[in-house]
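[1] Prediction below, plus the sequence it came from.
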Amino acid sequence: MFLSLRFTSHHFLCDNSIILSRTLFSLRRNCSFTSPLKVNPKAVSFFNKSIDGVQQAGPNSNNLSVNSVDNTFPFPDGSGLEDALIGYISGKKKATEVAHSIWKHFVQKGDTVVDATCGNGYDTLAMLKLVADDSGNGCVYGMDIQTVALENTSLLLDRLVHPNERMLIKLFPVCHSRMEDVIPKDTFVRLVAFNLGYLPGGDKSILTVSETTLPALQAASRILGPGGLISLVVYVGHPGGSF
């Protein structure tokens, strides 16, 4: 499954997939990406694992298609997701908080997950809390192209995480498009998460770009296990939010 959280009016619409926005509704599976749809000021979108259509359709495609709409909400009542979505739409919660609320419905103790854009480490920390168990199982692979981002992540983890759990996190100074170089082959990955844009508090001229994000999404789809999730938080107001 593919999740996209966007802060402005654009979100991808895809055939036979699940999409959530202000009016929560779902579509069936077999995803193909199409044009950005300028409807909601904020939107949360879910897609099936396949993302090949991202490159095929491209950001300027006008080929929209919607099939087989039903009203099935993909999370159980009492999951807390609806409250998180309402908080996000009303501006009381960050997109990352909504993402974290969704992750917990996919990730289990002992799982392997990937933070494709470590930034200052808050997503990495959230992932660790989801996967670490009492037996020392679970693994978080984190990566970022900026040394300062990995340093900030390490400082956060060293301050807030028990040394035994800290050992479950592996950080790499590589581009997310090269995640397959650092994650062992045949590893069952439950979640790959992206937070696109720039490093908060860092150099805003260093941005995520489509030339590496699209290959990274393809790589994520190859390593993702059955029932897994690819998650993106996208800030569509500057070049770092384009892909």
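    Ah, there it is.

[2] residue boundaries of the strands in the chain?
    2-6, 12-14, 18-20, 25-26, 33-36, 43-47, 112-115, 139-143, 169-172, 189-195, 224-234 (DSSP state E).

[3] For the last one, buried residues please.
    Applying a neighbour-count criterion of 16 or more other Cβ atoms under 10 Å, one finds L224, G228, L229, I230, S231, L232, V233, V234 buried in strand 224-234. Any C-beta I mention is one placed from the backbone N, CA and C, and that applies to glycine too.

[4] Tell me how far P163 lies from Q218.
    Distance, P163 to Q218, using Cβ to Cβ, to the nearest Å: 36 Å.

[5] So for the two, which sits in the more crowded spot?
    Q218 (15 against 8; other Cβ atoms under 10 Å).

[6] what's the domain layout of this protein?
    Structural domains annotated on the chain: 1-105, 107-236, as defined by automatic domain parsing.

[7] I'd like to know which of these has the weakest mean confidence.
    Lowest mean pLDDT within the domains of the chain: domain 1-105, a mean of 49.

[8] What's the end-to-end length of stretch 185-200?
    32 Å (Cα to Cα, to the nearest Å).

[9] circling back: export the buried residues of strand 224-234 to CSV and tack on distance to D83?
    Formatted as CSV, these follow (distance: Cβ to Cβ, whole Å):
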residue, distance to D83
L224, 27
G228, 25
L229, 20
I230, 24
S231, 19
L232, 22
V233, 18
V234, 22
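
[10] got the contact list for G202?
    Q146, V148, A149 (Cβ atoms under 8 Å, 6 or more residues apart in numbering).

[11] which one of the residues you listed has the most neighbours?
    A149 (24 neighbours).

[12] Show the contacting residues for that residue.
    Taking Cβ under 8 Å, 6+ apart, one finds C118, G119, N120, L199, G202 in contact with A149.

[13] I'd say the first one and G142 touch.
    Yes: with contact defined as Cβ atoms under 8 Å, C118 and G142 form a contacting pair (4.5 Å).

[14] any shared contact partners between those two?
    The contact lists of C118 and G142 share T124, L150, T153, L171, where a contact means Cβ under 8 Å, 6+ apart.
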